[in-house]
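**Q** Could you work out the structure for the sequence below:
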Amino acid sequence: MLAAAGVLPAGAMALPPAAPFAAADPAYRMRFPHDHGSHPDFRIEWWYITGWLRTRDREDCGFQVTFFRVRPPSQVANPSRFNPEHIIIAHAAVSDRRLGKLRHVQRAARQGFGLAGSDTGNTRVWIDRWQLLRDGPLYRCWIGNRDLALDLVLETRQTPLLQGTDGYSRKGPEAGSASHYYSLPQLRASGRIRIDKTAREVEGEAWLDHEWSSSLLEPDAEGWDWIGINLADGGALMAFRMRNRRGGTLWAGGSWRDASGSVTGFRPDQIRFTPLRRWRSPLTGAEYPVSFEVLAGPLRLRLEPLMDDQENDTRATTGAVYWEGAVRALGDKREIGRGYLELTGYLRPLQI
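**A** So this is what the prediction gives:
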């Protein structure tokens, strides 16, 4: 949904204010393929992919790849080509139970000179060779350094799932707290992952979120809990809650596409996240509710993580520490889906 953007890179916040950012508009109607591309008038945007992969020897692992485009307050009077009109950030992680924790990588670069950027009109966002691009029904993703590499093809099998009202997704009581947001669930994933020197062929299912906004968090917001679940019957469930600084729910929402393709949107009072079990990070001391019961309208499910330690430390690029991991969705003691759970603001209140 939201992807843990955290705060802007340190240098970006020091720039003087300039032109206003575009605001999410409830009257806007999405157009594809145009809206697969970048929306540079907005302050922040992300393409966020999560999923479960299986190796040839049937081992499960989770993966996450996110590209952010951040527009800092620009120095409009500065004619330099080095003026950072946009910053591109990339995160990637693999949850492998053999390691017992995430293996993750991150990068950030200013847009320009052909080294980093994001295209309008269709998905193409990159930092050097790290890239995500859309080619018809396929997304191609490449991330890699000597510690971790992902080379994946994601095949679209369903139409975009527009979140909120026609893609206008409220994030709080104030009307301006909103984003434009759609999902592509039930992607077929295939390719290779490499951890250190060990490469493995993989296949599985994935979920892509694309979201852009200039105003997400209200002053009383601490962070959010979010799930994107590919259901075993071919359906999809997204649900989230924005937490206030007293630990309660400030706002909530979600959508369910059932096996027939019918879509149900949920009001804030139809979503409930109830923590069942917590895990404390030995590295940061943050305590996360890694298992939940989630109620979304008529759906009730229990989330259990692939492993407890799926904390992601991205302070080098965004300033954020959050938990983001592969989870199983259980109903009546049987698995009914797989997806990802994202937990932000548990170490300290999130700033965006």
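**Q** For the stretch 101-250 of the chain, give me the ranges with low pLDDT.
**A** Within the stretch 101-250 of the chain, no range satisfies pLDDT under 70.
**Q** ok, which stretches of it are strands?
**A** All strands of the stretch 101-250 of the chain, identified by DSSP state E, counting those that start in this stretch, fall at 101-110, 116-118, 124-127, 130-135, 138-144, 148-155, 161-162, 168-170, 178-195, 198-215, 221-231, 236-244, 249-257.
**Q** swap in the stretch 251-352 of the chain?
**A** For the stretch 251-352 of the chain, the strands defined by DSSP E, counting those that start in this stretch occupy 263-266, 271-280, 287-296, 299-305, 311-314, 320-331, 334-343.
**Q** re earlier: can I get the strands of the stretch 101-250 of the chain in JSON lines with mean neighbour count and distance to R43?
**A** All C-beta atoms are positioned from the backbone trio N, CA, C, and that covers glycine. JSON lines is the format used below for the strands of the stretch 101-250 of the chain (neighbours: other C-beta atoms under 10 Å; distance: least, C-beta to C-beta, whole Å):
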{"stretch": "strand 101-110", "mean neighbour count": "19", "distance to R43": "16"}
{"stretch": "strand 116-118", "mean neighbour count": "21", "distance to R43": "14"}
{"stretch": "strand 124-127", "mean neighbour count": "21", "distance to R43": "16"}
{"stretch": "strand 130-135", "mean neighbour count": "18", "distance to R43": "20"}
{"stretch": "strand 138-144", "mean neighbour count": "19", "distance to R43": "24"}
{"stretch": "strand 148-155", "mean neighbour count": "20", "distance to R43": "27"}
{"stretch": "strand 161-162", "mean neighbour count": "20", "distance to R43": "21"}
{"stretch": "strand 168-170", "mean neighbour count": "22", "distance to R43": "16"}
{"stretch": "strand 178-195", "mean neighbour count": "21", "distance to R43": "11"}
{"stretch": "strand 198-215", "mean neighbour count": "20", "distance to R43": "4"}
{"stretch": "strand 221-231", "mean neighbour count": "24", "distance to R43": "16"}
{"stretch": "strand 236-244", "mean neighbour count": "24", "distance to R43": "18"}
{"stretch": "strand 249-257", "mean neighbour count": "21", "distance to R43": "19"}
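**Q** So which of these is nearest T318?
**A** Nearest to T318 among the strands of the stretch 101-250 of the chain is strand 101-110 (8.1 Å), distances taken as C-beta to C-beta.
**Q** name the helices or strands packed onto that closest one?
**A** strand 87-96, strand 124-127, strand 148-155, strand 311-314 (3 or more C-beta pairs under 8 Å, 6 or more residues apart in numbering; DSSP states H and E).
**Q** Now D35: phi and psi?
**A** phi -80, psi 0 (degrees, to the nearest 10).
**Q** what's the answer for the one 10 residues further on, then?
**A** The phi/psi pair for E45 (degrees, to the nearest 10) reads phi -150, psi 150.
**Q** number of nearby residues for it?
**A** Around E45 there are 26 other residues, counting by other C-beta atoms under 10 Å.
**Q** ditto for E324
**A** 27.
**Q** I'd say it and E342 touch.
**A** Yes: applying C-beta atoms under 8 Å, one finds E324 in contact with E342, separated by 4.7 Å.
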